[in-house]
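Visitor: have a look at this prediction, sequence included:
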Amino acid sequence: MPFLAHYGTQLINLCAAVLLLLAFTMLTQRRILSLIHLYTAQGLVLFASTVLVALVTGQAELYKSAALTLALKVLALPWLLHFLIRRLNVKWDVETLINIPTTMLIGIVLVILAFNLAAPISRLAGTVTRATLGIAMASILLSFLMMITRSKAVPQVIGFLSMENGLFFAATAAVYGMPFVFEFGIAFDVLVAVLIMGVFFFQIRERFDSLDTRHLERLKEH
Amino acid sequence: MNASLSGLAAQFTELALAVLLAPLLTGWVNQCRAWLQNKSGPGLLQPYRLLGKLFQKEIVLATNASPLFRAAPYLIFGCLALAAAIVPTLGTDLPLNAAADAIALVGLLALARLFISLAGMDVGTAFGTLGARREMLVGFLAEPALLMVLFTASLISQSTSLATIVETLAHRDFVIYPSLAFAGVAFTMVSLAENARIPVDNPATHLELTMIHEAMILEYSGRHLAMVEWAASLKLFVYSCMGLALFFPWGVAGGGDWLGIVLALPALLAKLAVGGAALALIEIVSAKMRIFRAPEFLGTAFLLAVLALLVHVLLEG
Amino acid sequence: MRMPAPLDAALLLAGGWLALGLGAMASPRSIALARALFPAGALVGLALAAVGLAGLFDAPAVRLLPLGLPELPFHARLDCLSAFFLVLLGSVSAAVSVFARGYLRDDPGSHPPGLQALCYHVFLASMALVLLADDAYFFMVAWESMALSSFFLVITDHRHAEIRRAGYLYLLIAHLGAISILLCFGALQGGSGDYTFDTMREIHQPAAWASVAFLLALAGFGAKAGLLPLHVWLPEAHPAAPSPVSALLSAVMLKTAVYGMLRVTLDLIGFSLWWWGVVALAVGLASALFGIVFAAVQSDMKRLLAYSSIENVGLIVAGFGLALVFHGFGMARLAALALTATLYHCLNHAFFKGLLFLATGSVLHATSERSLGRLGGLIHRMPWVAWCALVGTIAIAGLPPLNGFASEWLLLQAFLFTPGLPQAYLNMLVPLAAAAVALTAALSGYVMVKFYGVVFLGQAREAKLAQAHDADLWQRAGLAWLAAGCVALGLAPTIVIGLVDPIARMLVASGMDTGSGSWLFVAPIDPARASYSPVIFLLGVAALVAIAWGSVRFFYHGRMRRAAAWDCGFPFIGPRMQDSAEGFGQPVKVVFRPMFRIRGEAPAPLDTRPRYHESADDRLWGWLYVPVARAVDRATGLVTVLQRGRISVYLLYSFATLLLLLLIVR
């Protein structure tokens, strides 16, 4: 397909940029509901980019991981998160620890750093999608940053999940996906992690009457 | 500068079109908003009726208004009309293009802002200064953001000349530029703020706590107010055209192409109609934010635009 | 009679200034004599500008002066770089001198008028000599007399304690800078023991020594220019000095520091490493952002302008840094572009900042009020000053078609060419730098709206402002000259670029082609990439404004009625309802909160006599200056242990020292 050969790579680059954009938008969002929507959108972009990589490279394995992405990251996990915040009755109150423009400035520095770290690896990689490795790395770091700057438990989990998205994208972009067994295993791990954390949330709230993880500071020994 | 005849024709058509159609675009956005809110709306021609009414009315000028206050509406109108003339909407072969590039366009918009803010402070009322202060607050973050958006396009096309930018984006091989995705989001945020649209300002309010643009022009009446309102529509028109030129440049005629210019007109109208409807949609799904959230909103836009530049350097360089 | 060579003429004119100053001492108390001298000084300034223009296109000329120490004569040299700054000095100081003629008053608490005239003209002459000096000795003598004469000018009103304090701070930092410059020359002479600039040019320095010299020069000249973190004297000294002196300090003296940086780096060292450029760029941008953010929260009009000078010098140094980066990578044409933008901005800043300082001088003269919170509505009382200041306001806000925009346009163009740099990290940092420049430019618009709006527009905040009188003829002439300069420099960028061209060719071995071949258009590098024509731009705006106005008046009636302001129907409209200067700066204070050290108190809700007080100070003062001052204090405390007050003990110290020395040299 000449169309794919010509535009496939560009479209994957576009997906990468959108992924980065979504990671940044997550940094700027205060409301938990929007965070979940953004996470869902990230899943969709990830799905699209995996399908694209599969189409361009013709690797049948990748269709399976695309389907898995769709099922888990676009449908199951967002539903689970929606369920959680409904039960916990937290919808909007995300206080950031650092103000948002400052967070974004740090984010920009992280992007520059990520690209420079990724540069030697992507030069080795030689795949059609190598330019995107930097972006994948950047979104991992940005999600990490988001986890640091939020004090509430739910956004931290979303940060964790989107970090996993970055990892997944790195795998697709740099080496055309991992063996399917691994991927399936990681996906299952994430699901279980979210379930456990969900249980954990209820425990925290019962104990402290709030989902603010800063309360956990009180648990240290004096 | 050897301006071709078609270039001159395109230049004048574009200017005349902008000046005449700008209120129509405002009317269209308002009408779309009314429709989306399930109201019947005042009709597309309402802004023209408003202008007609205002021109007929007598001016009531505050006693201590200075000559600057009286000159400002015309100055603002002139600045924005020139801005409309230098954004390529019909053809890229515009004689004025060599005189003012993307940076000068931003400068022109800033000049208009300076005059309207000074006019807002001139009478010395509480609302006037409040509006001027808030307008400058929006401006000092929106202006660099806009500049960075234009810089992204400039780096892609290796030129700050608006004609070359549009030429590159519209007429060369179709390439997807990821950086433009960032720039597009930033640009949308900036244009909402700059045109006093909903998340930042509400064009339909006179509630003192929320207004920005309206507060500045409270003391204007009669033909002065008409010029200011017309200039505000022109500003919306300029921003829409700028967005179309940067992100949807297809249909703009190349140099010396008479047929292209004629065909560009319906394309432009269609794009503006869609763009206006999209603006109305954004407005009705978002809520007005507190004024001190505005710097955050615009700071985000600014940093996204900087990221667009970075992404260009990193991915497309 | 033959015309003298430009160098001789320049030296004679500098001598002329000295003579004028000494002439004033013939009768130090006579205000009539002092008043007569200032217009003569202005004529000398104009002549100097003309000489500079002539020298710009001549080959460098050198001359040995019959002055100085026996074995150490003064060398003077006029090349295009000196000539350019002489043009700047001459043309701006002419306006300032004319203005000063109208401004000068015999105030019982200040220096007698003759002494002021002496210091003023010595200051001018020493600035000219700094530009003409061709050896380190002569340079330092001129530099120090410049510092001292300006110090005496700053403390003209010495009866106020805060003015003496400002002067002391100025003198202190000026000397820190001077020491650094002295050390820099020491590094430059490379062990030859010969301090002429010619020797320094010839010696090829190893990179490490050259870097030391560069950093010392950046620190030394940066202290004079007001770069971070040595900027603290600037917002103190500028408001303390009489307005014409503030204008000279800001418009011209800061530029001599820029001259020094250019001279040492691009001429004496002769090559550059790219990281020098990065250092200068970073320091420049930090100063620019810092300056403009602080300018936004000031409530004293001269302090506001002083902070804005820090911003402009920051932009100039950033441009200089960019030129160094390009030069270091051997990209000569781009280096020329950045250098042109830098020098252009020097000239522009001299004109618009001179204009605005003089305008504040007129306001101060008419109202005796410097605080923005007590001004307002002066456009009605002082239309001349107000309209001239409007020109300065638009120019300094970097708006087309005036001169501030032209140089910022060139600077931004230079930034847009950087993606070609052969250094990956730099490539990424430069968009950030361009963003900082854009933010600074936009913020300066904010600051200038505040400045102009609060001083000249709105209602008068004090009753006494109704007695304010417009500037006298001399002051108007000075203001009009500078305003005309702002317009002319803005409309004719190609001419300025032509003037700067020989400098770029000398320093970075390439000119910036104007490209289009037409004087109407500036097109750096290539017309297809970018071009700008202020004249057509102005004509376009003017034509559209005229058409709009004409057709409105043609089609509709011109009825108008005056009535009280409406203000949304609010019943009470007093001057206190307007934004104060603090109120207008509040958003910036909130957005950039981490940059300030904010102290203050807000009244309780039920307080019957509410007092509101808040101050936003420079954090660097507490972080850098106070600790250093404390450390110095402690060190001197240690020395006082030696102080016993008994003669025999002091004699014992001498005796011990003598013995020790004898032992060592044995």
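Guide: Noted; the coordinates are in hand.

Visitor: where's the closest residue to residue A:198 other than its chain neighbours, which helix or strand?
Guide: Setting aside the residues directly before and after it, residue A:198 is nearest to residue A:84 in space (C-beta to C-beta, 6 or more residues apart in numbering or on different chains), at 5.3 Å. Backbone N, C-alpha and C define where each C-beta goes, glycine included. With elements taken from DSSP states H and E, the one containing residue A:84 is helix A:77-88.

Visitor: could you point out which element follows that helix?
Guide: Taking DSSP H and E, what comes next after helix A:77-88 is helix A:100-125.

Visitor: could I get the phi/psi values of residue B:37?
Guide: phi -90, psi 10 (degrees, to the nearest 10).

Visitor: find the nearest non-adjacent residue to it, please.
Guide: Going by C-beta to C-beta, 6+ apart, residue B:37 has residue B:284 as its nearest residue, at 6.0 Å.

Visitor: how much space between the one you found and chain C?
Guide: 26 Å (C-beta to the nearest C-beta, to the nearest Å).

Visitor: can you tell me the element that residue falls in?
Guide: helix B:258-285.

Visitor: counting contacts, what elements does that helix pack onto?
Guide: helix B:5-36, helix B:178-194, helix B:222-247 (3 or more C-beta pairs under 8 Å, 6 or more residues apart in numbering or on different chains; DSSP states H and E).

Visitor: ok and the residue in chain A nearest chain C?
Guide: At 4.9 Å from chain C, residue A:112 is the closest residue in chain A, using C-beta to the nearest C-beta.

Visitor: for the residue nearest to residue B:37, which residues are in contact?
Guide: Each residue near residue B:284 by C-beta atoms under 8 Å, 6 or more residues apart in numbering or on different chains is listed here: B:33, B:36-37, B:198.

Visitor: before we move on, what about residue C:217?
Guide: Residue C:217 neighbours (C-beta under 8 Å, 6+ apart): C:180-181, C:184, C:260-261, C:264-265.

Visitor: of the residues you listed, which is the nearest to chain B?
Guide: Chain B lies nearest to residue C:261 out of these, by C-beta to the nearest C-beta, at 26.5 Å.

Visitor: could I get the pLDDT score of the closest residue to the closest one other than its chain neighbours?
Guide: Once flanking residues are discounted, residue C:261 sits nearest to residue C:221: 4.7 Å by C-beta to C-beta, 6+ apart. pLDDT, residue C:221: 93.

Visitor: CA atoms only: put the one helix or strand residue C:221 maps to into PDB for me.
Guide: Using DSSP H and E, residue C:221 maps to helix C:207-225. Only the C-alpha atoms of helix C:207-225 are listed here, as PDB (Å, rounded to 0.1, in the frame of the first residue of the first chain):
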ATOM      1  CA  ALA C 207      41.400  29.500  25.500                       C
ATOM      2  CA  ALA C 208      41.500  29.200  29.200                       C
ATOM      3  CA  TRP C 209      43.000  32.700  29.700                       C
ATOM      4  CA  ALA C 210      40.600  34.100  27.100                       C
ATOM      5  CA  SER C 211      37.700  32.600  29.000                       C
ATOM      6  CA  VAL C 212      38.800  34.100  32.300                       C
ATOM      7  CA  ALA C 213      39.100  37.500  30.600                       C
ATOM      8  CA  PHE C 214      35.700  37.100  29.000                       C
ATOM      9  CA  LEU C 215      34.000  36.300  32.300                       C
ATOM     10  CA  LEU C 216      35.800  39.100  34.100                       C
ATOM     11  CA  ALA C 217      34.700  41.500  31.400                       C
ATOM     12  CA  LEU C 218      31.100  40.200  31.600                       C
ATOM     13  CA  ALA C 219      31.100  40.700  35.300                       C
ATOM     14  CA  GLY C 220      32.800  44.100  35.300                       C
ATOM     15  CA  PHE C 221      30.900  45.700  32.400                       C
ATOM     16  CA  GLY C 222      27.800  43.800  33.600                       C
ATOM     17  CA  ALA C 223      28.000  45.600  36.900                       C
ATOM     18  CA  LYS C 224      27.900  48.900  35.000                       C
ATOM     19  CA  ALA C 225      25.200  47.800  32.700                       C
END
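
Visitor: where does whichever residue of the stretch 101-250 of chain B sits closest to chain C land in three-state SS?
Guide: Nearest to chain C in the stretch 101-250 of chain B, going by C-beta to the nearest C-beta, is residue B:124, at a distance of 3.2 Å. Recorded secondary structure, residue B:124: coil (DSSP: H, G, I helix; E, B strand; the rest coil).

Visitor: for it, give me phi and psi.
Guide: The phi/psi pair for residue B:124 (degrees, to the nearest 10) is phi 80, psi 40.

Visitor: quick one: the helices in the stretch 1-150 of chain B?
Guide: For the stretch 1-150 of chain B, the helices defined by DSSP state H, counting those that start in this stretch occupy B:5-36, B:46-56, B:67-86, B:102-122, B:126-157.

Visitor: out of these, which comes closest to residue A:52?
Guide: Ranking the helices of the stretch 1-150 of chain B by proximity to residue A:52 (C-beta to C-beta) places helix B:126-157 first, at 22.5 Å.

Visitor: got the contact list for the residue of the stretch 401-550 of chain C found nearest chain A?
Guide: Nearest residue of the stretch 401-550 of chain C to chain A, counting by C-beta to the nearest C-beta: residue C:428, 4.9 Å away. Residue C:428 makes contacts with A:112, A:115-116, B:310, B:313-314, as judged by C-beta under 8 Å, 6+ apart.
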